[in-house]
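>>> when you get a sec, could you give me coordinates for this:
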Amino acid sequence: MPEIYSILQHSIRSKKNFPKWAFRSAKNFKLGNKTLSKDKVLSCAVLPGKYQTGDHYDCSGLHSSCVLSYGKTSKNAIKLKRHVIFPLIKLETESPTSNFSYSFKDSINMYLEDTKIVNESPVEIKIKGTLTIISQFMNDGARIIRTFSPSPNYPALIEKIEVVNRSKDTAMFSADEKKRSDKFIKSSKLTDKSVSICSRLTDANGDFRSNTKVSVKKKLVPNASAVCYVVHFATKKDSVINFNAEREMRERIKLTDQMFKSVVLYSDDVAVDSFFSHCLLHGCENIFNTKNGLLHFSGAGFNYNSISAIEQCGIVNPIFPLIDYQTGIKQAINSYKYFGKNLMDNDSLPDIIYGNNLTPALLNIQGSLQAFASGLARFLLTYGSKEVAEEFLPILSKAATIISQYISSQNFDDHAITDKNTLLDAYDALIHIYYLKNSLGIINDIETIPSINTLLKGFLDLKQLHSKANNNSDFKLLQNMFVSDTLIEYDDLVKYVKHQLFESNNIYPEFVYTNKQTSSASDAMAFVKTILDGMFGLDPISFSVLRVNPKLKGKLIGLKYAQTLFEVDNTDGLKIKISAKSYPSDGKTDFDFNLLTWK
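Next comes the predicted model:
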C-alpha cells in the first residue's frame with residue numbers, strides 16, 4: 001500500500017520520512033572526509049567496509065518537496081529512499097502538518113548486456129542545490145551517476161541517471177519500467193478522493209509525458225555513457241503533465257546559481273561562506289504555488305501546510321527584498337496580507353494560519369504579534385515601495401496599539417522579567433514602525449513614541465537595547481552567539497558551521513523541534529539573518545537609508561536597497577560599493593542611497 005498519512009508526531013515522522021538508517025550514530029560514522037570545492041560543492045567519499053550508514057537531503061520546487069535519504073548497507077550496496085511531499089494534493093483532515101506524501105521505490109529495470117544493474121556501491125556524494133550519488137557496478141566496470149533535482153514548476157522529483165561504461169568492451173545499455181510503476185490510488189483521506197502516482201522513464205532528450213511509456217537502449221563503447229531520466233510524480237486523476245526534464249533541471253541550476261553566485265559572503269572562513277549560500281538556497285526554495293497564492297512553508301519533511309507569524313513573517317520574509325528575490329517578495333506580501341486580515345478582523349494575530357482555507361490558529365506562542373510587526377515593518381522599509389507601505393500601514397498601526405498595551409502592562413521594576421525576547425521584539429517592531437511612518441511623512445507619531453520611551457526607561461540604555469534587538473535573530477538556533485555590541489565567540493560559530501557541513505546528517509541548520517534530526521527552511525533563513533543582522537548589522541532606517549554596523553571584518557555582495565545593487569565591504573574599513581565606486585563610512589553608520597552619502 002502507498003504511504004498516505006497525516007504527519008502529526010515525531011515517531012511518525014521518523015519512521016515515514018526519515019528512516020532510522022539515515023541518521024548516523026557514532027559507531028557507524030565511517031564516511032570519508034567531507035570536503036568543500038571552490039564553487040561550494042559539498043563532497044563526501046563513501047568508504048567501503050562492513051558497516052552501514054546514511055544521510056538525508058531535502059529540496060523543493062513550487063509544487064513538491066523531496067526528502068532524499070541515502071546511504072549504504074554493510075555489504076556496500078546503495079540504500080535510497082525518495083520521499084516526495086505534494087503540498088497541493090490535500091487531505092480531508094486538515095491540520096498544520098497534514099500533507100500528502102509518497103515514498104517512491106526503484107521502478108526502472110536497467111541492464112548492461114544481460115546483467116541487471118542492482119546493488120551498486122556508492123563511492124561519492126555531492127551536494128549543491130541537487131544531490132548527486134556516484135556508484136560503481138561490476139567491480140567498477142560501470143559507473144552509475146544519479147542526480148536528483150526537484151522540478152521547479154511541476155509536482156515531481158527528477159532523477160537523472162547516467163551510466164558510464166568503464167570496461168574495455170562494448171556493452172549494450174537498456175532500461176524499461178517495471179510492471180505497475182504507475183498506480184491509481186483511491187482514498188477517503190484525499191480531498192479529491194483519488195490520485196495518480198508514477199515513476200516514468202524518459203529517454204536522453206528529457207521530453208517527459210506522464211501518460212507515455214518509453215524504453216531506452218544504447219550501445220556503449222568503452223568510456224561512452226547513456227543518459228535517461230526517471231520522473232517521480234503525483235497528479236489528480238486523468239491529469240496529464242508534459243515537460244522537458246533536462247530543462248527543468250537547468251532552471252533549478254539557475255536558482256542555485258542566483259543564491260550561490262549573486263549574493264556572496266566573504267568572511268574569514270570558507271566554510272561559513274559556503275554554509276551561508278547553502279542556507280540561503282534552502283530558505284528561498286520552500287515557496288509553493290498554492291490555491292491561496294505563493295506561500296513559504298518551513299518544510300523539514302512535515303510542515304507544508306501552515307505559515308507562522310514568527311518564522312515566515314518575522315524571520316524569513318524581511319530577507320527577500322534585500323537579496324532581490326522576486327518570488328520571495330511576492331509571497332511575503334501575500335502572507336502578510338493573510339495575517340493582517342486576521343488582525344484587522346479579530347483584534348488578535350494568529351500564531352499560524354494553515355490548510356486549504358488558511359484557518360487561523362491561536363497556540364499561545366509568546367511574541368507572535370511582535371515578530372510579525374517587526375518583520376513587516378522591516379520588509380516594507382527594505383522593499384521601498386510607498387504604495388505597498390501605505391496599504392499595510394493600518395495593520396501596523398493596529399499592531400502598534402496592541403503592543404503598546406502589552407508594554408504598559410509590564411512591571412519593569414521586576415528585574416526577574418523572563419520574557420525579555422518578546423520585549424526586545426516589541427521594541428524592534430515599534431522602532432521600525434516609527435521609521436516607516438517617518439518615511440511616509442508621519443512625523444508626530446503619538447502611537448509608538450510613548451511606548452518606545454517606556455521600553456527605553458525600562459532597560460539600561462538605548463545602545464544596549466538596540467544592539468540586543470538587532471541581534472535577536474537566532475530563532476533558538478544560535479542563542480548565545482551574538483550579545484551586546486560584539487560577536488563574542490566567532491570561533492563557536494565556525495565550529496557550529498563545520499559540524500553541520502562535515503559531521504551532521506543534514507547540512508542545513510537542524511530543526512529544533514525534532515531532536516535535531518531534520519532541517520527547516522526557517523532555520524536556514526535564521527542563520528542567514530544572523531549573518532545579515534549580527535555580523536554586518538544591517539538595519540533599515542527609511543526607504544533610502546540603511547544602517548550598517550558590522551561586528552566583524554568581511555564582505556557581502558549582491559544586496560539591493562532603494563532599487564540599488566550594492567555590497568558591504570568591511571575588510572579594511574567600512575565602505576559601501578555601488579558599481580565601481582566606493583563610499584567610505586569615516587566612522588558613520590547610516591548610508592543614504594539617494595544622496596550616496598553617509599550620515
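
>>> list phi and psi for the closest residue to Leu62 other than its chain neighbours.
Computed as CB to CB, 6 or more residues apart in numbering, the closest residue to Leu62 that is not its neighbour in sequence is Asn289, at 4.4 Å. For the C-beta atoms, the positions are set from N, CA and C on the backbone; glycine is no exception. Here is the backbone geometry of Asn289 (degrees, to the nearest 10): phi -90, psi 90.

>>> for Asn289, report the pLDDT, please.
At Asn289, the model reports a pLDDT of 90.

>>> so what's it up against?
Leu62, His63, Leu88 (CB atoms under 8 Å, 6 or more residues apart in numbering).

>>> which of those lies closest to Asp203?
Of all the contacts of Asn289, the one with the least separation from Asp203 (CB to CB) is His63, at 23.6 Å.

>>> what about the helices in the protein?
Taking DSSP state H as the test, the helices found in the chain are 10-16, 245-257, 270-285, 320-323, 326-346, 368-383, 386-408, 420-439, 449-458, 462-470, 490-502, 521-529.

>>> adding distance to Leu36, write the ones you listed out as CSV.
Shown next, in CSV, are these (distance: least, CB to CB, whole Å):
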stretch, distance to Leu36
helix 10-16, 29
helix 245-257, 15
helix 270-285, 5
helix 320-323, 22
helix 326-346, 26
helix 368-383, 30
helix 386-408, 39
helix 420-439, 34
helix 449-458, 43
helix 462-470, 30
helix 490-502, 7
helix 521-529, 16
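
>>> low-confidence ranges in the protein?
Filtered on pLDDT under 70, the chain yields the residue ranges 1-32, 184, 188, 364, 411-420, 444-448, 452-489, 505, 510-519.

>>> tell me the residue in it that is farthest from the middle.
Distance from the C-alpha centroid of the chain, by CA atoms, centre = their mean, peaks at Asp169 (45.4 Å).

>>> quick one: contacts for it?
Asp169 neighbours (CB under 8 Å, 6+ apart): Pro222.

>>> go again with 7 Å.
With contact set as CB atoms under 7 Å, 6 or more residues apart in numbering, Asp169 has no partners.

>>> how much space between it and Ile161?
21 Å (CB to CB, to the nearest Å).

>>> now do His282
In terms of CB to CB, His282 sits 25 Å off from Ile161.

>>> who's more crowded, these two?
His282 (29 against 19; other CB atoms under 10 Å).

>>> quick one, what contacts that one?
Tyr508, Ala521, Ala524.

>>> I'd like the distance between the first one and Phe527.
Read that as Tyr508. Taking CB to CB, one finds Tyr508 at 8 Å from Phe527.

>>> between the two, what contacts are shared?
Cys279.

>>> could you check which of those two has the larger neighbour count?
Using other CB under 10 Å as the criterion, Tyr508 and Phe527 rank with Phe527 on top: 29 against 25.

>>> which residue is the nearest non-sequential neighbour of the more buried one?
Cys279 (4.7 Å).

>>> do Thr35 as well
Ser43 (5.2 Å).

>>> OK, contacts around the one you found?
Lys34, Thr35, Ser37, Glu124, Ile125, Lys126.

>>> that one bridge partners, please.
Thr35, Lys126 (DSSP bridges).

>>> please enumerate the strands of the stretch 51-200 of the chain.
Here the stretch 51-200 of the chain has its strands, by DSSP state E, counting those that start in this stretch, at 53-60, 65-72, 78-86, 100-104, 108-112, 115-116, 121-127, 131-137, 142-150, 156-165, 171-177, 182-186, 194-202.

>>> quote the end-to-end distance of stretch 175-194.
Distance between the two ends of stretch 175-194: 29 Å, counting by CA to CA, to the nearest Å.

>>> ok, residues contacting that stretch?
Residues from elsewhere that reach stretch 175-194, judged by CB under 7 Å, 6+ apart: 2, 4, 90-92, 100, 107-110, 195-199, 201, 213, 215-216, 228, 236-237.

>>> show me what counts as buried in it.
Ala175, Asp176, Glu177, Ser181, Asp182, Ile185, Leu190 (16 or more other CB atoms under 10 Å).

>>> report the separation between Lys341 and Asn99.
Counting by CB to CB, the gap from Lys341 to Asn99 is 24 Å.

>>> more neighbours: the two, which one.
Between Lys341 and Asn99, Asn99 has the larger neighbour count (other CB under 10 Å), namely 23 against 14.

>>> ramachandran angles for the nearest residue to the more buried one once chain neighbours are set aside?
Distance criterion CB to CB, 6+ apart; nearest residue to Asn99, sequence neighbours excluded, is Tyr304 at 4.6 Å. Backbone torsions for Tyr304, taken as degrees, to the nearest 10, come to phi -130, psi 30.

>>> just checking, Tyr304 touches Ile85?
Yes. Under the criterion of CB atoms under 7 Å, Tyr304 is in contact with Ile85, at a separation of 5.4 Å.

>>> what do the two both touch?
Joint contacts of Tyr304 and Ile85 (CB under 7 Å, 6+ apart) are Ser65, Asn99.

>>> can I get the buried residues of stretch 175-194 in JSON lines with distance to Gly558?
Shown next, in JSON lines, are the buried residues of stretch 175-194 (distance: CB to CB, whole Å):
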{"residue": "Ala175", "distance to Gly558": "41"}
{"residue": "Asp176", "distance to Gly558": "46"}
{"residue": "Glu177", "distance to Gly558": "43"}
{"residue": "Ser181", "distance to Gly558": "43"}
{"residue": "Asp182", "distance to Gly558": "43"}
{"residue": "Ile185", "distance to Gly558": "44"}
{"residue": "Leu190", "distance to Gly558": "43"}
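
>>> can you report how many residues neighbour the residue nearest to Val568 when sequence neighbours are not counted?
Nearest residue to Val568, sequence neighbours excluded (CB to CB, 6+ apart): Leu556, at 4.9 Å. Residues within reach of Leu556, counting by other CB under 10 Å, total 25.

>>> tell me how far Leu556 lies from Thr571.
11 Å.

>>> one more: Gly314?
31 Å.

>>> Tyr427 now?
32 Å.

>>> which of the two has more neighbours?
Between Tyr427 and Thr571, counted using other CB under 10 Å, Tyr427 has the larger neighbour count: 27 against 12.

>>> what about that one, distance to Ala377?
Tyr427 is 12 Å from Ala377, by CB to CB.
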